[in-house]
Each structure stands twice: as structure tokens, then as C-alpha cells.
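Novice: Next one to model:
(2 chains)
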Protein chains: 2
Amino acid sequence: MKAVDPIEASVILPSLPAGLETPCLVIDLDVVERNGRTLQSALDARGVRLRPHAKTHKSVAIARIQIELGAAGLTVGTLGEAEVMAAAGITDLFLAYPLWADGPKARRLRELNERIAFSVGIDSIAGAEQLASATRGATKALAVLIELDSGGHRTGVGTPEAIAELADAARDLGLDVGGVFTHGGHSYADPEAHAQAAVDEVSHLGDAADALRSIGIEPRTISAGSTPTAVEAATGQVNEIRAGTYILGDRQQVVLHGSPPDGVAAYVAATVVSTSVEGHVVIDAGAKTLTKDRASFLEGYGAIPAFPHAVIDRLNDYHGIVRIPAGTRAPRLGEVVAVVPNHICPVVDLFDSFVVTRGPEVVGAWPVDARGRSG
Amino acid sequence: MKAVDPIEASVILPSLPAGLETPCLVIDLDVVERNGRTLQSALDARGVRLRPHAKTHKSVAIARIQIELGAAGLTVGTLGEAEVMAAAGITDLFLAYPLWADGPKARRLRELNERIAFSVGIDSIAGAEQLASATRGATKALAVLIELDSGGHRTGVGTPEAIAELADAARDLGLDVGGVFTHGGHSYADPEAHAQAAVDEVSHLGDAADALRSIGIEPRTISAGSTPTAVEAATGQVNEIRAGTYILGDRQQVVLHGSPPDGVAAYVAATVVSTSVEGHVVIDAGAKTLTKDRASFLEGYGAIPAFPHAVIDRLNDYHGIVRIPAGTRAPRLGEVVAVVPNHICPVVDLFDSFVVTRGPEVVGAWPVDARGRSG
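Specialist: Numbers count the residues shown, from 1 in each chain, chains lettered A, B, ... in the order given. Here you go, the predicted structure:
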């Protein structure tokens, strides 16, 4: 029998409304607002700005909730997300990505820079040259933040010397070097990784800020970003946090200490469509609904809190195969169950809209405005 | 260093056009048409109908190519896919899924049944009751095919006795029992699994057809479905094949013998955006573009045929981290590479449109008409 993880078992979901047409993606506004307030207050208390990452929700309505709660602007992952949020009147965006701005992307970048307060990540001189060339002659210099690698080993410059060199080159190219940022992605390695990852983000960002000062640039922004480290990294010289997933929560965040047990605002409602094969039931949520995202410390492709022993063992495109260990309860044929996705961000990208609830009541349908804007 | 799989290394991709805005999903029409002709001819020669699964491409234009080449209609995975194809004038659809037709789905099912030749899978008496109740009083009885489990152990009835019992109950409910179908999903277990899976599909379908005859129903349709078994299962009593992925191909199909090395019609074009961290390069195609689908026999989240030693080790939402083993070639910063997805079906569902090519020339942009229609 599956050993039920005690943290996972503590998840408290909002009530499942009746009459849902499955599969659908439900978000509960009471939980969204509570999640938003909790992190905003924690960072306000530390005097650190919050710039939430919009890639989690891709929703103008949720972005507005975050701004109203006090966010300093938004983080985005692509030009497409930036365009959607700018069109909705959000005027301060940071693209936390080493954009390669050639071809049509040069024009798109130029237009965003003319329209709003827009800044972009860089981690190479060649990338900085592309950005400079794309925005040459603009009415204002493009703001850039130097990305540094604080241990996640994805993108970013490695040493203070290299950071200073890149910042110097970017300044010479006419870019406005606004500061430094990092993503402590190693906070996702295992349930206890957040503490060291936060220490790494803070210390590397401090060194990087000092490297900028050593060449005469006072950084306006010193920015860390990852939900598991969001509060712990809001210290030292860090003056901005770019958490994303905190607003919706997911199964992996609960295990990673990024969300409290009652912080899961989003789930997929699915119907049991088959119980014909012994040992499992089949739900109408497969890989095109839940995705095959699964961290090494999680069993199965999502959690079903109402049936804590059930394991979503396999996903085909439209089928989820849910193993029911002998002696444990199973949902019946036709029953609707709430599934907490392992990782909410790629799940949101598969839906055109959210079903919006407050408790057991459906209060609206909100578009996933930036769905599919991966470039 | 990565041991390059000889089959994977044999993949021949269409030429990469210049000036693509990445990430984008490219399909080459010459390859699509060749894939379509090859399977259609093989099945024509065996006197077996082809009913391609539209969930792979979700495209009206590709569906029309398949129909023009001789397909007997289409298979779909959801009511949403059926509605898109029916609206485009495709008049013969089979929903190969044990639909649970309550609430708004009952109405949608009824409308499809009035409009086109529509049939639906069943694997339980309770499911059949839902379908009968949803279509009661319609101008024609809803056609159903009994799903049987031929070894994939997902959905479907297990024994000839149970098949006869379900068919009898469905007939009593006023449904038009048109035959039997199965999906030999165990053909995906490993590269050599297709042969036994095809044998299983054929023998179980033969027994199931005989079970229907034993209660006085002559099956019109005896249908097997999976790309790796598509030709091998077109024998015995089988009179229909429901392959899907054969039309676009993907990395896993090449390894599973479902696609020839020159049968990969679809790839993701991605740009190298960062080379700052030692040992890997980062492309602008992550989990929201390539998906984390990865069969146990594949290394990494996609193949890059031009750099056969490279391994796509990690995917974040918009970043793909591509390990470059020491001593092997790496793409340069800003270079565009073609990535063959592990599994094309969920990748297509992430894009609004295909970039359509013939050889190195871009000839159009086709919508992914049924994108996101997972219910």
C-alpha cells in the first residue's frame, strides 16, 4: 500500500462545486486572495518588494489582484506574456530570461520598451548586443538586469568578476544596467533544499550587487525568485522577490514548504469514466490535462486528497489510470474527484479558462489570457 | 558520453527553414503526405479500413489530407475534438473512449449524434445507460462499440462472456451495437513490444467479434488502434485500424518501429539563449513546449538530430537544459536547432498553430483547430 506522505495528507482543498463539466481547472478566489495577502504581508514586513511571476497563472485578473495587494509589477517568462499583460494596462514588467532578440522579437521588444517600464535579463555579452541593437534609437534605454547563477545551474553568470565585466559591457552598449537577479532553482531538488537555496540566493546576490558597485553602478534591483525560498531569501541586500507558484499552490509546493496545507487554490476536476480493469479506476484527466511533470520525490502524476491512498500511476492523452491499493476506498464510476496537480504552471497552460469559485459556489469563468504564449 | 541510439541516430529531418520565430512547431507537408500514403496503401493492400486518430494533430487540414487519401472517417478522443471535426464537415467520427455522458455532455452527445455518423466506446453497463439516456428519443439510435482490454490494461472489458453481456445490455437499452474495439497500449512498453501487442489485439478482437455473433450481433467494425501495431494488427478478423501518431511521427515512434527514420514530419524549432553555465546550453523550449513526456527507454526530453550526443536533461517552463558531453559539438549562442519531441501528441496541444513547410520553404501557418479540447 502507498505510504501516504503526512504533508501531502494535510492538504485541505476548497469544496468541490456540483455540476462541473470535466475535465476543468478550478481556482478558489478565497484561497488565491489569502495566498496573495500572506506573501505580500510577509515581504512588506521585511521591506522587500514582491514582483510575482505571471507564468503561473497567465491571467490578467489574477495579476490585478496581486497588484492591488501591493505587488511592485510583474515578472514574465516570455515576450508573449509581457504583451498580454501590457495590453491589459500593467505597466511595469520584468522578463526574467536571457532573451535572444533577433528577427520579429527585436521589433516586439522595441515596442514593449516604448510602451511600459520594461526590463530584461541578460547573461552574455552577445545577448546584450542583441538587446542593444534591437532597441537602438529608442526614446529610452532598455533596462537590463544581470542574471547570476546562485546554484540552480541553469542560466546566469558565475562569478562577481564576470558579472562586473558583463555589466560594464552592457553599459558601454547603451543599456541601462538596473541590477542583478537570480533564480535559486535548486530549491526544488528535495523537500528540505529551500533553506540552503535561500542562503545561496542572498549571498550570491549580495556579492553581485557589490560587483556592480565596484564599477560605479548602484543596483536599483537585487532580485531573488522561487516560491520555496520566497520569504527566507527576503533578507540581506535582496530588495525584490519574484515568486510565482505561491498564488495558486500545488502538490509539489506543499511538500517543498512553498505552500501551506490550505494554500492549494487550484485543482483539476475529473470524472471516473471506467472501472472495468481490476485494481484501478480511470479518470478523464490525462497527460493533456495534468501533464507528466513529476518531481523525483513525488509518487504519481497528482494527488487526490479525498482518496489519499490512490496513486495516479499512468497518464495517456485523455486517460488517468489511478491505482487503488487493495483494501482502500475507490471513487465510483461517474464520480467527480478533485486532483491536485504536481506542478500547476504547465497545467494552467493547457486550459483556455479557469472555473472560479468561492467555497462551493461557482462565481465566474476567467480566461487564461496568456495561454500558449511561450515565445 | 551518451551512447547514441542507432535507430534514433538514423532520423532524417526535413530542412530547417531560415527566419523562424522560436519556439515554434514545424510540420513538413511532404513528410505528412508520405506518411499518410504509406499507411493507407499498406492497409488498402490488406483490405482493412484506416480511421486515423485526430488527437495527434487536432487539425482540420491534416484530417482532410487523411480523408482524401482514403481514410474511412476519423477517430477522436473527446467530444470537443468531435465537435471541431464535425463543424469542419467531417461526417463519420468514432469517439474511442468510454464517455460518461451526464450534464452538458449529454446534450453535446445528442447534437453530434443528430448531425453526423457518430459512434462511441463503452466498457460498462452504467456507461451504456448514460449514453442511452442522453440520446433517448433521437431520430437514430446511437452507435456504440464495445471496448475490450487486449493487454494494455487501461479501459475495456476483459472476457468474451463479459463482452457479450455488455453488448446484450446495450442492445436492450436501445443502442446500436456496431462492433468491438481495443487499444493495444502495451505496444508502447519497449521497442520490441509491438509484435506481441499486435497478436494480442488480433486474437482478443477475434474472440470478441465471435462473442457478439453468439448473441446474434454481426459486428460491422472490428477495430485495433496503436501506431506501433498499425500494420501487424491489420489481419485476422480486424477490419479497421485507428493509428494516430503515424502521420506526424516522433522520437518514441522511431524507436518503437512505428515510424521510419524519415517519417518524422514534426519538430520544435528552438533557439540557444544561454551558454553561460559550463557543460550545457539552454534553449527556449521548456516543459510548456516539449512536455515532460519521456518513455523509460528514452534519455532526455527530446532529440536534437544535428547534435546527436546532446541530452535534453532538464526542462523548466521556458528553458530546456541541454547537456553537451565533453568532447562533443554544441550549438552556438543564438543558433536555431530542430528538436524532435519524445511524444508529439501532447506537444501539438500546446500550440495554436503549425508552421507548415515543404522542404526548406515555409508554405503556410495552419491552426491547431482542436487545441485544448480535452473534454
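Novice: What about A:G178? Give its phi and psi, please.
Specialist: phi -90, psi -10 (degrees, to the nearest 10).
Novice: Sketch out the low-pLDDT regions of the stretch 201-350 of chain A for me.
Specialist: The stretch 201-350 of chain A contains no residues with pLDDT under 70.
Novice: those helices in it, which residues are they?
Specialist: Under the criterion DSSP state H, counting those that start in this stretch, helices of the stretch 201-350 of chain A are mapped to A:251-255, A:287-290, A:344-348.
Novice: residues making contact with the last one?
Specialist: Contact partners of helix A:344-348, identified using Cβ atoms under 8 Å, 6 or more residues apart in numbering or on different chains, comprise A:25, A:55-58, A:244-245, A:248-250, A:266, A:268, A:289-291, A:293, A:341, A:354, A:368, A:371, B:287-288, B:291-292, B:317. Placement of C-beta: from N, CA and C, glycine included.
Novice: next structured bit after it?
Specialist: Scanning forward in sequence from helix A:344-348 by DSSP states H and E, the next helix or strand is strand A:353-358.
Novice: So which elements touch that next one?
Specialist: With contacts taken as 3 or more Cβ pairs under 8 Å, 6 or more residues apart in numbering or on different chains; DSSP states H and E, strand A:353-358 sits against strand A:24-28, helix A:29-46, strand A:361-367.
Novice: show me what contacts A:Q130?
Specialist: Contacts of A:Q130 (Cβ under 8 Å, 6+ apart): A:L99, A:W100, A:A101, A:D102, A:A106, B:G334.
Novice: so what's the residue nearest the centre of chain A closest to, chain neighbours aside?
Specialist: Per Cα atoms, centre = their mean, the C-alpha nearest to the average position across chain A is that of A:G244, at 3.5 Å. Among residues not flanking A:G244 along the chain, A:H53 sits closest, at 3.0 Å (Cβ to Cβ, 6 or more residues apart in numbering or on different chains).
Novice: shouldn't the one you found be in contact with A:V76?
Specialist: Yes - using Cβ atoms under 8 Å, A:H53 is in contact with A:V76, at 7.5 Å.
Novice: Show me whatever sits in contact with both of these two.
Specialist: Shared contacts of A:H53 and A:V76, defined by Cβ under 8 Å, 6+ apart, comprise A:A96.
Novice: what does whichever strand or helix holds A:E81 contact?
Specialist: Element membership of A:E81, judged by DSSP H and E, is helix A:79-87. Residues outside helix A:79-87 that contact it (Cβ under 8 Å, 6+ apart): A:54-55, A:58, A:60, A:63, A:74, A:76, A:93, A:95, A:99, A:105, A:108-109, A:112, A:115-116, A:118, A:369-370, A:372-375.
Novice: now stretch A:27-45
Specialist: Contacts of stretch A:27-45 (Cβ under 8 Å, 6+ apart): A:14, A:49-50, A:62, A:65-66, A:69-71, A:230-231, A:234, A:241, A:243, A:246-249, A:259-260, A:262-266, A:354-359, A:363, A:366.
Novice: contacting residues around stretch A:303-315?
Specialist: Stretch A:303-315 has contacts (Cβ under 8 Å, 6+ apart) with A:1-2, A:4, A:8-9, A:11-13, A:251, A:280-281, A:283, A:286-287, A:290, A:292, A:299-302, A:320-325, A:328-331, A:337-340, B:154.
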